[in-house]
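J.: What follows is a predicted protein model with its sequence.
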Amino acid sequence: MAVRALRTSLTLVLTLLAASLVIFGAIYAAPGDPAAFLVGGQEDATPEKLAAVRAAYHLNDPVWSQYGHWIGGAATGDFGRSLQYSDQVSHLIASRLPTTLFLVVYASVLFVVLGTALGALSAVRRGRLDSAIVAVTTLLSSIPKFVKALALVALFAVQLGWFPVSGAGEGFIGRLHHLTLPAFALAMAELAVVTRVTRQSMLDQYPLDHVTAARSAGLSEGKVVRRHVLRNALPPIVTMCGLLTAGLFAGTVVIETAFGISGMGSLLVGAINTHDFPVTQAVLLLMVLAYMLVTTAVDLVHPVLDPRVRLHRSPA
Amino acid sequence: MTVQTATSPAPGRRSAQPEPPPGRGRLLRTGLRHVRSWPLPFTVAAAFLALTTVAALLAPLIAPQDPQAIDLNASSAPPDGVHLLGTDQSGRDLLSRVLFGARTSLVAPLALLLCAAVIGVALGTLAAWRGGWTDALVSRVTDVMFAFPGLLFVVLIIAVFGDGLTTAVVALALAYSPVIAKYTRSIALSERAKPYIDAYRVQGVSGFSICVRHLLPNLAAALLGYLVLMFGEVLMGMTTLSYLGFGAQPPSSEWGLMVKEGQAAIVQGALWPALVPGTAIALTVVAFNIVGVRVSDRLGARER
């Protein structure tokens, strides 16, 4: 167990280092002088500006030392200055991170709760309801996020007027109200996957001996489903939910653009459009970091979830 | 096989009817008999895709208007006799734009999928065949690319090389190639272990020759099925990039870009400019997924 955890953590660190190297090295992939690329988009690239960028990125040092400066700064939360906003990149991110986190958490709660509920309903009821749930969720997962987002806006914000068209809102209730449509648009594809996994995992449990034993012991069907079927079906569901949550960060790029929400995703899109590379690098690095951390956590937690492992460790 | 069934029909079955003549007519008839056994969703999806492809090919002939003709008097108009699906904010005919947009929207994913397939299959086969450090290197490189969730790797490439349809196609091809490489590697590994490969080796056939002339042709069906299954996702990726403004650029009528341009009209209550191309994307992706699942099952892509 400890060896496994160590191995997984080491892989995480190495992968993160490699990914950060790719993100940093991108400035050298661009054609021409890296300094000119970094101030790119601005026609008034005066020698002073070029010199300032050279100093900020330590471009006169050897490449490894440049990377060291950048990743060392990133590790302490210093991503340099934005070329567009004339502000510290860390300030920009700090002001936008809460909204994105709220959105991601909201969306994960939605797909976890609704996905397992629909999946369980499918598995328990079977028949026509099952087919309908599978068909609808599969259909929703094969529509791009931005199309779902705009369809939701058109229906619930413009036609019915239940939710605001854009923005992130103030306070907890305001945020909840503003981010409901974005969270649904973000979570729908994941919801379909959780539904499918829950359904399949539960159906796999039904023919097993322990379920038959529980039934023959006279337990009510509700108890059989809750205590035996669903409970033993949980490990793959929890793993899938974790992996999908990790992927949600990348989804915010599209959703925040569609709903005009000022968060990490829209910051990234704006930074690319204005050639603000320090911001682009910082947001990409954080998104990769979040993704890798969550997936690794899922990887580590997975064996702990299996009740047989727990029983093995502490025989009650 | 077919000749045999034609000359010796099952006893008692249609023995009174004359045998269908060999050739085209027979092929068509067996084809149609297949159609009857297809499940309904597959038939509808396949028909829709065929229709979309024909519409894209014949766009200049069947489009009712010039897709770029601006008519500010008919801005954001709902459907009527002249504009069957309404107009966008500049008064351009939405039906004509969607028909012309089908060309870019279908060709771009096809092109990038082919590029990704060439890179991915080459790398995957190389990794499976050589093993050792080549395999390790390819696997580590793909691992690093998998560390970028969703379209973030593509976004990084676009941030460096600028936006535009060509960059987007190349970036997506690079991003999808490790996925294909991983799949190719896994099926190539099990194929490589089969005795016939050893037989060729013993005969002194070169590794390259075995891979290209024997290994890959045997994987072709499974790979094709896998690629068909990927098409919907790739189309989603491409339109998403265009929607973000990183892919096709105006005045193109690529569907993702049309949705982006039509989005502003939604707030004013005009839904058609965004929903017409949005529906086109959704229907096409759904159709490709339905067809893809069945085709890939048939070609054995999902069994492995």
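T.: Received, thanks.
J.: low-confidence ranges in chain A?
T.: Segments of chain A classed as low confidence (criterion: pLDDT under 70) are A:1, A:40-45, A:306-316.
J.: And the strands in it?
T.: Secondary structure of chain A by DSSP state E: no strands are present.
J.: and the biggest helix by length in it, what other elements does it pack with?
T.: Longest helix in chain A by number of residues, with DSSP state H as the criterion: helix A:89-125. Using 3 or more C-beta pairs under 8 Å, 6 or more residues apart in numbering or on different chains; DSSP states H and E as the contact criterion, the secondary-structure elements in contact with helix A:89-125 are helix A:127-141, helix A:171-205, helix A:231-259, helix A:264-273, helix A:277-305. For glycine as for every other residue, the C-beta is placed from the backbone atoms N, C-alpha and C.
J.: and the last one, is it in reach of chain B?
T.: Yes - Helix A:277-305 reaches chain B (C-beta under 8 Å from any C-beta of the partner chain) through A:Phe277, A:Thr280, A:Leu284, A:Met287, A:Val288, A:Tyr291, A:Met292.
J.: Which elements pack onto that helix?
T.: Packing contacts for helix A:277-305, counted by 3+ C-beta pairs under 8 Å, 6+ apart, involve helix A:2-29, helix A:34-38, helix A:63-75, helix A:89-125, helix A:231-259, helix A:264-273, helix B:152-161.
J.: Could you dump the residues of helix A:277-305 next to chain B into TSV and include neighbour count?
T.: Below are the residues of helix A:277-305 next to chain B laid out as TSV (neighbours: other C-beta atoms under 10 Å in any protein chain shown):
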residue	neighbour count
A:Phe277	27
A:Thr280	26
A:Leu284	25
A:Met287	23
A:Val288	25
A:Tyr291	24
A:Met292	21
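J.: Can you tell me which of the residues you listed is closest to B:Val179?
T.: Set against B:Val179, the nearest of the residues of helix A:277-305 next to chain B by C-beta to C-beta is A:Tyr291 (16.2 Å).
J.: ok, the closest residue to A:Gly77 other than its chain neighbours - how many residues close by?
T.: Counting by C-beta to C-beta, 6 or more residues apart in numbering or on different chains, A:Gly77 lies nearest to A:Ser90, which is 5.1 Å off, once chain neighbours are set aside. In terms of burial, A:Ser90 registers 18 neighbours under the definition other C-beta atoms under 10 Å in any protein chain shown.
J.: A:Ser90 contacts A:Asp78, correct?
T.: Yes - with contacts defined as C-beta atoms under 8 Å, A:Ser90 counts as touching A:Asp78 at a distance of 6.3 Å.
J.: and the gap between the closest residue to B:Gln65 other than its chain neighbours and B:Ala274?
T.: On the basis of C-beta to C-beta, 6+ apart, the spatially nearest residue to B:Gln65 that is not a chain neighbour turns out to be B:Asp93, at 3.9 Å. B:Asp93 sits at a distance of 16 Å from B:Ala274 (criterion: C-beta to C-beta, to the nearest Å).
J.: Next, count neighbours for residue 212.
T.: Here I'm looking at chain A. 13.
J.: Chain B, not that one
T.: Other residues within reach of B:Val212, judged by other C-beta under 10 Å, total 12.
J.: what's the answer for A:Leu191, then?
T.: A:Leu191: 25 surrounding residues under other C-beta under 10 Å.
J.: how near is it to chain B?
T.: A:Leu191 sits 17 Å away from chain B, taking C-beta to the nearest C-beta, to the nearest Å as the criterion.
J.: pretty sure A:Ala123 is touching A:Leu203, no?
T.: Yes - with contact taken as C-beta under 8 Å, A:Ala123 and A:Leu203 are classed as touching, separated by 5.3 Å.
J.: Compare neighbour counts for these two and give me the winner.
T.: Here A:Ala123 and A:Leu203 are compared on neighbour count by other C-beta under 10 Å; more neighbours surround A:Ala123, at 24 against 17.
J.: Tell me the spacing between the more buried one and A:Val197.
T.: A:Ala123 is 11 Å from A:Val197, by C-beta to C-beta.
J.: try A:Met188
T.: As defined by C-beta to C-beta, A:Met188 lies at a distance of 15 Å from A:Val197.
J.: got the contact list for the residue nearest to A:Gly77?
T.: A:Gly77, A:Asp78, A:Phe79, A:Ala282 (C-beta atoms under 8 Å, 6 or more residues apart in numbering or on different chains).
J.: what about the helix or strand encompassing B:Glu191, near chain A?
T.: Assigned by DSSP states H and E, B:Glu191 falls within helix B:165-192. No - applying C-beta under 8 Å from any C-beta, one finds helix B:165-192 out of contact with chain A, separated by at least 11.6 Å.
J.: what angle separates the helix or strand following that helix from helix B:165-192?
T.: Elements were assigned by DSSP H and E; along the chain past helix B:165-192, the next helix or strand is helix B:195-202. In this structure, helix B:195-202 runs at an angle of 90 degrees to helix B:165-192, with axes from the mean of the first three to the mean of the last three C-alpha atoms, to 10 degrees as the basis.
J.: And the residue of the stretch 151-300 of chain A that's closest to chain B?
T.: Taking C-beta to the nearest C-beta, chain B has its nearest neighbour within the stretch 151-300 of chain A at A:Ala250, 3.0 Å off.
J.: what's the closest non-adjacent residue to that residue?
T.: Taking C-beta to C-beta, 6+ apart as the measure, A:Ala250 lies nearest to B:Gly150, with 3.0 Å between them; neighbours along the chain are not counted.
J.: Contacts only, for that neighbour.
T.: With C-beta under 8 Å, 6+ apart as the criterion, the residues that contact B:Gly150 are A:Gly247, A:Ala250, A:Gly251, A:Val253.
J.: Excluding sequence neighbours, find me the nearest residue to A:Leu305.
T.: Residue nearest to A:Leu305 in three dimensions, not counting chain neighbours: A:Pro235, with 4.7 Å by C-beta to C-beta, 6+ apart.
J.: Could you do B:Gly232 as well?
T.: Here the nearest residue to B:Gly232 in space, its sequence neighbours aside, is B:Phe288; by C-beta to C-beta, 6+ apart that works out to 3.8 Å.
J.: Please verify my assumption that A:Arg54 contacts A:Ala36.
T.: No - the pair formed by A:Arg54 and A:Ala36 falls short of the contact definition of C-beta under 8 Å, at 10.4 Å.
J.: which one of these two has more residues nearby?
T.: Regarding A:Arg54 and A:Ala36, a neighbour count based on other C-beta under 10 Å identifies A:Arg54 as having more, with 17 against 13.
J.: what residue ranges in chain B are flagged as low confidence?
T.: When residues are selected by pLDDT under 70, those of chain B lie in B:1-37, B:301-304.
J.: For chain A, what's the nearest residue on it?
T.: B:Gly150 (3.0 Å).
J.: what sits against A:Gly80?
T.: For A:Gly80, the set of contacting residues under the criterion of C-beta under 8 Å, 6+ apart consists of A:Ala56, A:Tyr57, A:Trp70, A:Gly73, A:Gln88, A:Val89, A:Pro278, A:Ala282.
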